[in-house]
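J.: Fold the following and give me the result.
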Amino acid sequence: MTTLRRPLAALLLAGACAPALAVEAFTATYQANALGMQGEGRMVLAPQGNRWQYSLTVKNQAVDLSQQTVFDEHAGQLRPLSSSDNSRFLIKKKAVNTTYDWGKAQATWSGDVKPDRAGPVPLQKGDMDALLVNLAIVRDVAAGKPLTYRMVENGRAKPMTYQVAGREKVTVGGRTHDATRVQRTDGDRQTIVWVVNDIPVPARILQRENGSDAIDLKLTGWH
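T.: Coordinates of the predicted model:
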């Protein structure tokens with residue numbers, strides 16, 4: 001996907017065998033809390049010819065994050081073609097670009113990356129980046145499918161599995177909805193996602209580090 005430093009999107013956000021969802025454009029706005037400061041978040045999915053552009057931005061006084069993925073639908077999969085990740089946490093800045101070359105079946109990285117994280121990393125059918133995992137989680141919770149993915153980000157391929165942790169109430173735009181809560185723990189990092197049927201984006205995304213909230217996105221509206 002990140003504590004957003006790592007893709008929130010990882011959720012934030014490549015089902016190895018799951019069929020692609022029917023992709024439809026949307027714009028979603030979030031109330032964002034990052035590093036203890038309030039701000040705004042925005043998630044947009046827009047067509048680009050026979051491709052799609054999916055973006056996430058989070059901004060407040062201390063944080064300025066922008067993640068963007070271009071992808072297509074191929075053989076029933078959402079397939080990343082390129083992505084960019086630009087972030088600022090306080091005074092620390094980072095910019096990373098990723099190229100997914102499906103002809104060569106490999107991913108490579110450029111920008112602010114260490115040589116051992118530049119790739120290439122072999123690609124497998126169904127691989128996604130962190131942002132696309134967002135779409136997969138929403139799709140798979142609604143379909144009752146296993147929440148198991150392989151994310152190719154930051155110079156490596158990483159398997160991940162989310163567990164259903166129960167049902168809760170969430171408020172979106174002044175209305176209360178029943179949501180499914182799913183979560184994943186990786187060492188001292190935890191990602192929790194709330195999914196509401198018929199809402200195409202996560203209703204809430206919470207990323208925690210060492211037991212403390214790092215980034216909290218709460219959906220305020222979408223169209």
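J.: Sketch out the low-pLDDT regions of this protein for me.
T.: Low-confidence segments of the chain, defined by pLDDT under 70: 1-22.
J.: isn't residue 151 right up against residue 162?
T.: No - using CB atoms under 8 Å, residue 151 is not in contact with residue 162; the gap is 11.6 Å. (Each C-beta comes from the backbone N, C-alpha and C, glycine too.)
J.: Which one's more surrounded, the two?
T.: Using other CB atoms under 10 Å as the criterion, residue 151 and residue 162 rank with residue 151 on top: 28 against 24.
J.: how far is stretch 80-93 from where the chain is centred?
T.: 13 Å (CA atoms, centre = their mean, to the nearest Å).
J.: do stretch 72-89 as well
T.: For stretch 72-89 - counting by CA atoms, centre = their mean - the centre lies 10 Å from the chain centre.
J.: Return it as PDB; C-alpha atoms alone will do.
T.: Extracted C-alpha coordinates of stretch 72-89, given in PDB (Å, rounded to 0.1, in the frame of the first residue of the first chain):
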ATOM      1  CA  ASP A  72      -4.200  -3.700 -17.400                       C
ATOM      2  CA  GLU A  73      -6.400  -6.700 -17.400                       C
ATOM      3  CA  HIS A  74      -4.800  -9.700 -18.900                       C
ATOM      4  CA  ALA A  75      -6.000 -13.400 -18.800                       C
ATOM      5  CA  GLY A  76      -8.300 -12.600 -15.900                       C
ATOM      6  CA  GLN A  77      -5.700 -10.800 -13.800                       C
ATOM      7  CA  LEU A  78      -5.000  -7.200 -12.800                       C
ATOM      8  CA  ARG A  79      -1.500  -6.900 -14.100                       C
ATOM      9  CA  PRO A  80       0.800  -4.000 -13.000                       C
ATOM     10  CA  LEU A  81       2.800  -2.400 -15.800                       C
ATOM     11  CA  SER A  82       4.600   0.500 -14.000                       C
ATOM     12  CA  SER A  83       4.400   2.300 -10.700                       C
ATOM     13  CA  SER A  84       5.800   5.300  -8.900                       C
ATOM     14  CA  ASP A  85       6.200   6.000  -5.200                       C
ATOM     15  CA  ASN A  86       7.100   9.500  -4.000                       C
ATOM     16  CA  SER A  87       7.200  10.100  -0.300                       C
ATOM     17  CA  ARG A  88       8.200  12.700   2.300                       C
ATOM     18  CA  PHE A  89       8.200  12.000   6.000                       C
END
